[in-house]
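Q: This is a predicted model, with the sequence first.
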Amino acid sequence: MKALVYTSSHALEWQDLPEPTPGNDEVVVRVDAVGICGSDMHAYHGQDSRRPPPLVLGHEAAGRISTGPNAGMRVAVNPMVTCGVCDWCMDGRVHLCPSRQLISMPPRPGAFAELVRIPERNLVPMPDGLAFTKAALTEPLAVSYHAVNHGARHLGRPLAASRCLVLGAGAIGLGAALVLAMHGAREIHIVETNEARRETAERAGPFRCHTPNDAGAPAESSIDLVIDAVATAATRAAASRAIKPGGVIVHAGLLLGSEGLDIRKVTLQEVIFTGTYCYTPLEFRETLDAIASGRLGPLDWFEERPLAEGAQAFRDLDASAVGVAKIVLRP
């Protein structure tokens, strides 16, 4: 089969690899669409020790089962493989399983390939008529869905009465804004430095979009819920400035570092600062249903490219030459 292989820092190669052989509980999926995630970019930059080269990256996938009794079924791929027996799995928080595996991390090759092997329990049937490219958005939008749910559980007021701020208009940030809108949040602001992505976000929903230094951006201590989908020192500082006393900051980005957070304000004003990671299987299914039903909008903010040209897509993302929130690759 053909696959896009991460071979070294800032290097991807289009290679021939052996077809995967499924284990006892696994099937092989023929990939029809797979998105480029920010974590794929971290690996591409050589910043993720969990993803050593050579490796097939990619975990935001949809396609058709090609082996077993359900061959031909159209499915969205939940890429997280968990043990099912630890305390976290038994409690329903399988995304916190200490022995979790993710396709695109050893020992599981990812989906930047024509074929990928995955436990069949990780596959969710797609509704009829849903495009593979939109189904491939289930994984990143499930991350956003979980981040909003996680923040809402900590809020002292309903989302319908809350002023919300999302930092970053990539797929996770824009997805979080769309989920907030789906849940009826009172007011949704997005701060994004990239002008093209800001324009994409403005078209995607009822959002008030700003640059970091925009005079119309939310005032200090005026926001109930902040979703930081970037996670740099600058965005942590921005979140600290914007959050109200008793508000909630949800830290969704995976960049390195901890600078920028105002610990004194967190303490004196009882701000809740919490991380968020992935999603539960139920949230993954609910996200796919929300996509198919149109409750997250038309989802027209991605760009399709051939997987064989994936290396150029990574270079374009690296150069901030992409105005859409997501690039979806087609094998």
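A: It's in.
Q: Tell me the residue in this structure that is farthest from the middle.
A: What lies farthest from the middle of the chain is residue 268; by C-alpha atoms, centre = their mean that is 32.2 Å.
Q: Name the residues of the longest helix along the chain that are buried.
A: In the chain, taking DSSP state H as the definition, the longest helix is helix 138-154. Going by neighbour count (16 or more other C-beta atoms under 10 Å), the buried part of helix 138-154 is 138-152. Bear in mind the C-beta positions are built from the backbone N, C-alpha and C, glycine included.
Q: could you dump that helix to PDB, C-alpha only?
A: Only the C-alpha atoms of helix 138-154 are listed here, as PDB (Å, rounded to 0.1, in the frame of the first residue of the first chain):
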ATOM      1  CA  THR A 138     -15.400  13.700  14.000                       C
ATOM      2  CA  GLU A 139     -12.200  13.200  15.900                       C
ATOM      3  CA  PRO A 140     -11.100  16.900  16.200                       C
ATOM      4  CA  LEU A 141     -14.600  18.000  16.800                       C
ATOM      5  CA  ALA A 142     -15.000  15.400  19.600                       C
ATOM      6  CA  VAL A 143     -12.000  17.000  21.200                       C
ATOM      7  CA  SER A 144     -13.800  20.300  21.100                       C
ATOM      8  CA  TYR A 145     -17.000  18.800  22.300                       C
ATOM      9  CA  HIS A 146     -15.300  17.300  25.300                       C
ATOM     10  CA  ALA A 147     -13.500  20.500  26.100                       C
ATOM     11  CA  VAL A 148     -16.800  22.500  26.200                       C
ATOM     12  CA  ASN A 149     -18.500  19.800  28.200                       C
ATOM     13  CA  HIS A 150     -15.600  19.700  30.600                       C
ATOM     14  CA  GLY A 151     -15.600  23.400  31.100                       C
ATOM     15  CA  ALA A 152     -19.400  23.600  31.400                       C
ATOM     16  CA  ARG A 153     -19.400  21.100  34.200                       C
ATOM     17  CA  HIS A 154     -17.200  23.400  36.300                       C
END
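Q: by how many degrees do the helix or strand following it and helix 138-154 diverge?
A: Sequence order places strand 163-167 as the next helix or strand after helix 138-154, per DSSP states H and E. Relative orientation of strand 163-167 and helix 138-154, computed by axes from the mean of the first three to the mean of the last three C-alpha atoms, to 10 degrees: 140 degrees.
Q: which stretches of the stretch 1-150 of the chain form strands?
A: Listed in chain order, the strands found in the stretch 1-150 of the chain under DSSP state E, counting those that start in this stretch are 2-8, 11-16, 26-35, 55-56, 60-65, 74-77, 80-81, 101-102, 115-119, 123-125.
Q: helices and strands around the third one, which ones?
A: Packing partners of strand 26-35 (3 or more C-beta pairs under 8 Å, 6 or more residues apart in numbering; DSSP states H and E): strand 60-65, strand 115-119, helix 132-135, strand 326-330.
Q: What would that strand look like as PDB? C-alpha coordinates only.
A: Presented in PDB, the C-alpha positions along strand 26-35 are these (Å, rounded to 0.1, in the frame of the first residue of the first chain):
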ATOM      1  CA  GLU A  26      -9.200  -5.900  14.600                       C
ATOM      2  CA  VAL A  27     -10.200  -5.100  11.100                       C
ATOM      3  CA  VAL A  28      -8.500  -3.200   8.300                       C
ATOM      4  CA  VAL A  29     -10.100   0.100   7.200                       C
ATOM      5  CA  ARG A  30      -9.600   1.500   3.700                       C
ATOM      6  CA  VAL A  31      -9.000   5.200   4.400                       C
ATOM      7  CA  ASP A  32     -11.000   7.600   2.400                       C
ATOM      8  CA  ALA A  33     -10.300  10.800   4.300                       C
ATOM      9  CA  VAL A  34      -7.800  11.800   7.000                       C
ATOM     10  CA  GLY A  35      -7.200  15.200   8.600                       C
END
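Q: chain center to that strand: distance?
A: Centroid separation for strand 26-35 versus its chain: 18 Å, with C-alpha atoms, centre = their mean, to the nearest Å.
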